[in-house]
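Asks: From the sequence below, what's the structure:
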Amino acid sequence: MTVFWFIPFCIIAFLAAFGFTPLIMYFCRKKNFLDIPDGVRKIHKSPISRMGGMAVFGSFFLTLILFNLITNIHLSPWYMVGLGIIFLTGLLDDFITLAPWGKLMGQTIGALCLIYGGVVIEFITLPLNSLLYIGFWGIPITFLWIIGITNSLNLIDGMDGLSSGIAAIASCTLGIIALQNGRLDSAFISFFLMSSVLGFLPYNFPPAKIFIGDSGALFLGGVLAAVSVEGALKSATTFTLAVPILILGVPILDTFFAIVRRKKNGIPITHPDRGHLHHRLLEKGLSHREVVLVFYVISASFSIFAIVIDRFLSNSTYSLLITLLLFYISWKWGKHLGVTEMSCGKKSTGKV
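Replies: Numbering: from 1, shown residues only. As a prediction, this is how the structure comes out:
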């Protein structure tokens, strides 16, 4: 089987998401499963469905099942169960608004299923090209990675098309990295996710006709976390964490800024606020669409660095230094925008 096998399945994933989304929008209108604007945190102009994650999840899993039936590449059932549990946790939150501990419990069960299915970090490539096998410690490290990335995608889902567009860029990049390292199963999963998101994105790009919801944001984070372990973190050519951290740099940075901001101001980490990067850019006068495009450019730039590092930079020390430099520049930019302070500026759509 050649790598070109994935192309027809990517087309299926795209068309499925593109076709499922209007059906879900119609269903939500009929059943009144809509996100109602309140003029405070939810300032979209009319009621909008936030069940868009169902379209991405459905098209992705349909493609994955067909792929498993037709090809000789088969995933562990625990892999699919784990992602399904993470999705259902978000879907339940979309309907009844789970408490933070409830969401964490669902994510924990999903992460443990993924780990049981073989998604485990086995070693870390350190500076000076030394290899450290971490044994049992790979399990808690992997667990924290999955929970962290899953929540970072959910946390950045504060504007139309933001988390979905970043996920499309990240999954495409992870697919390329996986191909460079000969990990075809991770590459195919990444490209299937990318195609599913691209099929959904025309309806989600500002002004959105449908929101991706917690179900979609958590699911995207879960898949990206799992694929980054299998397709990037198990590559020993560079400083191990450099590549996936760069690919997922935007949500990781925004999450880090949120933690610093909330701890500094003495509020719980789970408490929402309007101090995120996208809120600060809105306060600078950019439109919603312009802010989203700025984040797409930043995410794509980080991804290009990740591909170059993985393909051409075999010295792990240099890859670490480049990563630290990029994040230092990003930190200074965030500080300049005031992301460590509480916001008192303009309102924005979506979750905060």
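Asks: Going by C-alpha atoms from here, please, whenever you check contacts or count neighbours.
Replies: Fine.
Asks: count of residues packed around G19?
Replies: Neighbouring residues of G19 were enumerated by other C-alpha atoms under 10 Å; the total is 15.
Asks: Then D157?
Replies: Count around D157 with other C-alpha under 10 Å applied: 27.
Asks: ok, it to H278 distance?
Replies: 10 Å (C-alpha to C-alpha, to the nearest Å).
Asks: Kindly report the same for I24.
Replies: Taking C-alpha to C-alpha, one finds I24 at 28 Å from H278.
Asks: Between the two, which has more neighbouring residues?
Replies: Using other C-alpha under 10 Å, the more surrounded residue of I24 and H278 is H278, with 25 against 19.
Asks: mind checking how far the more buried one is from A170?
Replies: Applying C-alpha to C-alpha to H278 and A170 gives a distance of 18 Å.
Asks: again, but for A55
Replies: Taking C-alpha to C-alpha, one finds A55 at 19 Å from A170.
Asks: ditto for L224
Replies: From L224 to A170 the distance is 8 Å (C-alpha to C-alpha).
Asks: what's the answer for G138, then?
Replies: 23 Å.
Asks: More neighbours: these two, which one.
Replies: Shown here are G138 and A170; by other C-alpha under 10 Å, A170 has more neighbours (27 against 18).
Asks: ok, how many other residues are close to the residue nearest to the more buried one when sequence neighbours are not counted?
Replies: Once flanking residues are discounted, A170 sits nearest to I247: 5.6 Å by C-alpha to C-alpha, 6 or more residues apart in numbering. I247 has 30 neighbours, counted by other C-alpha under 10 Å.
Asks: Going forward, the N-terminal residue is numbered 45.
Replies: Renumbered: residue one is now 45, and that last one reads I291.
Asks: which residues sit in contact with I291?
Replies: With contact set as C-alpha atoms under 8 Å, 6 or more residues apart in numbering, I291 has these partners: A214, T217, L218, S343, F346, S347, A350.
Asks: mind running it again at 6 Å?
Replies: Each residue near I291 by C-alpha atoms under 6 Å, 6 or more residues apart in numbering is listed here: A214, F346, S347.
Asks: Tell me which helix or strand the closest residue to L197 other than its chain neighbours sits in.
Replies: Excluding the flanking residues, the one nearest L197 by C-alpha to C-alpha, 6+ apart is G265, at 5.2 Å. Following DSSP states H and E, one finds G265 within helix 257-272.
Asks: So which elements touch that helix?
Replies: Counting contacts by 3 or more C-alpha pairs under 6 Å, 6 or more residues apart in numbering; DSSP states H and E, helix 257-272 is packed against helix 121-140, helix 182-199.
Asks: can you redo those as a markdown table with mean pLDDT?
Replies: Shown next, in a markdown table, are the helices and strands packed on helix 257-272 (pLDDT from 0 to 100):
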| stretch | mean pLDDT |
| --- | --- |
| helix 121-140 | 93 |
| helix 182-199 | 92 |
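Asks: Bridged to I168, which residues?
Replies: Counting by DSSP bridges, I168 is bridged to L176.
Asks: Quick check: it touching L176?
Replies: Yes. The pair I168 and L176 passes the contact test of C-alpha atoms under 6 Å, sitting 5.2 Å apart.
Asks: Would you mind telling me which of the two has more residues around it?
Replies: Taking other C-alpha under 10 Å, I168 and L176 do not tie; I168 has more neighbours (21 against 11).
Asks: Check what pLDDT the more buried one gets.
Replies: The per-residue pLDDT reported for I168 equals 77.
Asks: Against T152, how distant is the residue lying closest to Q151 once chain neighbours are set aside?
Replies: Ranked by C-alpha to C-alpha, 6+ apart and with sequence neighbours excluded, the top spatial neighbour of Q151 is I130, at 5.3 Å. According to C-alpha to C-alpha, I130 and T152 sit 8 Å apart.
Asks: same question, F77
Replies: 27 Å.
Asks: Kindly report the same for V164.
Replies: From V164 over to T152 (counting by C-alpha to C-alpha), the distance is 15 Å.
Asks: what about the two, which has more around it?
Replies: Neighbours around V164 and T152, counted as other C-alpha under 10 Å, are more numerous at V164. The numbers are 23 against 19.
Asks: Over to that one. Which of the three states is it?
Replies: For V164, the secondary-structure state derived from DSSP: H, G, I helix; E, B strand; the rest coil is coil.
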